[in-house]
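S.K.: give me a model of this one.
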Amino acid sequence: MERRTDRSATTPGRWRGGRPGPDGTTGDRHWRLDARCAGWCALGFAVLTLLLDWGSGGLTVARADLWAVLGVLVFTVLRPPRVSAGDGWLAVRGLVRSRRVRTDALVAVRLDGSIATRLVLRDTDGHSVAFDPKVLLANPLLWHQLDAGAHRSRERGTLRHGERALRQLGERIDGGTARDVLRASGLE
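M.R.: Okay, here's the model as predicted:
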């Protein structure tokens with residue numbers, strides 16, 4: 001008797017469209033769109049600069065290579081990090097490396113910056129991640145994973161700094177979710 005399994009069910013860490021995967025992992029449901037937008041902006045920049053340089057009559061192979069390299073640089077700057085979470089962990093994967101913290105063993109949580117705010121999480125193993133808290137606002141499932149892990153950290157007594165930051169972030173997310181529900185139901 002042959003037993004068939006869905007490939008995504010056997011591969012940990014996979015998710016589709018922000019829905020939790022079979023192993024409970026979830027990710028940023030807007031990441032693909034944001035990465036695609038970064039790619040189009042970088043391509044537009046490279047094409048525009050190539051056309052302007054060609055129109056001025058100064059385009060050479062070396063300058064075309066320069067514009068292509070600058071287009072790649074624009075993409076690396078604009079590409080958002082990929083945030084994913086599961087039971088007891090949160091990972092932020094950039095272009096070059098991936099960082100991961102244990103949310104059930106958090107030591108500190110803080111919001112850095114006033115204009116470009118970053119949420120910084122640090123765990124008992126010394127690992128830390130930093131990402132834009134708007135990712136959590138747009139993805140309530142990611143917020144749920146982080147909040148559940150932070151609750152376990154509080155119960156264990158490891159979370160010493162940042163309960164106020166988590167509470168403020170939770171209020172913003174809950175308020176935004178409530179507004180979205182009211183807007184969708186036509187009660188706003």
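S.K.: quick one, helices of this protein?
M.R.: Along the chain, counting by DSSP state H, helices occupy 7-10, 31-56, 61-78, 134-138, 140-156, 163-185.
S.K.: quick check: the most centrally placed residue in the chain vs residue 55, distance?
M.R.: Closest residue to the average C-alpha location of the chain: residue 83 at 3.3 Å, with CA atoms, centre = their mean. Counting by CB to CB, to the nearest Å, the separation of residue 83 from residue 55 is 41 Å. In this view, the C-beta of every residue, glycine as well, is placed from N, C-alpha and C.
S.K.: swap in residue 30?
M.R.: To residue 55, residue 30 is 36 Å away according to CB to CB.
S.K.: tell me which of the two has more neighbours.
M.R.: Between residue 30 and residue 55, counted using other CB atoms under 10 Å, the more crowded position is residue 30 (16 against 9).
S.K.: follow-up on the earlier one: residue 98 is in contact with the residue nearest to the centre of the chain, correct?
M.R.: No: Residue 83 is beyond contact range of residue 98, at 10.7 Å (criterion: CB atoms under 8 Å).
S.K.: got any residues that touch both of those two?
M.R.: Counting by CB atoms under 8 Å, 6 or more residues apart in numbering, the shared contacts of residue 83 and residue 98 are 91, 92.
S.K.: ok so, going back, is it possible to get JSON lines of the helices of the chain that adds distance to residue 116 and mean pLDDT?
M.R.: Converted to JSON lines, those look like this (distance: least, CB to CB, whole Å; pLDDT from 0 to 100):
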{"stretch": "helix 7-10", "distance to residue 116": "35", "mean pLDDT": "37"}
{"stretch": "helix 31-56", "distance to residue 116": "16", "mean pLDDT": "94"}
{"stretch": "helix 61-78", "distance to residue 116": "13", "mean pLDDT": "94"}
{"stretch": "helix 134-138", "distance to residue 116": "10", "mean pLDDT": "89"}
{"stretch": "helix 140-156", "distance to residue 116": "19", "mean pLDDT": "90"}
{"stretch": "helix 163-185", "distance to residue 116": "16", "mean pLDDT": "79"}
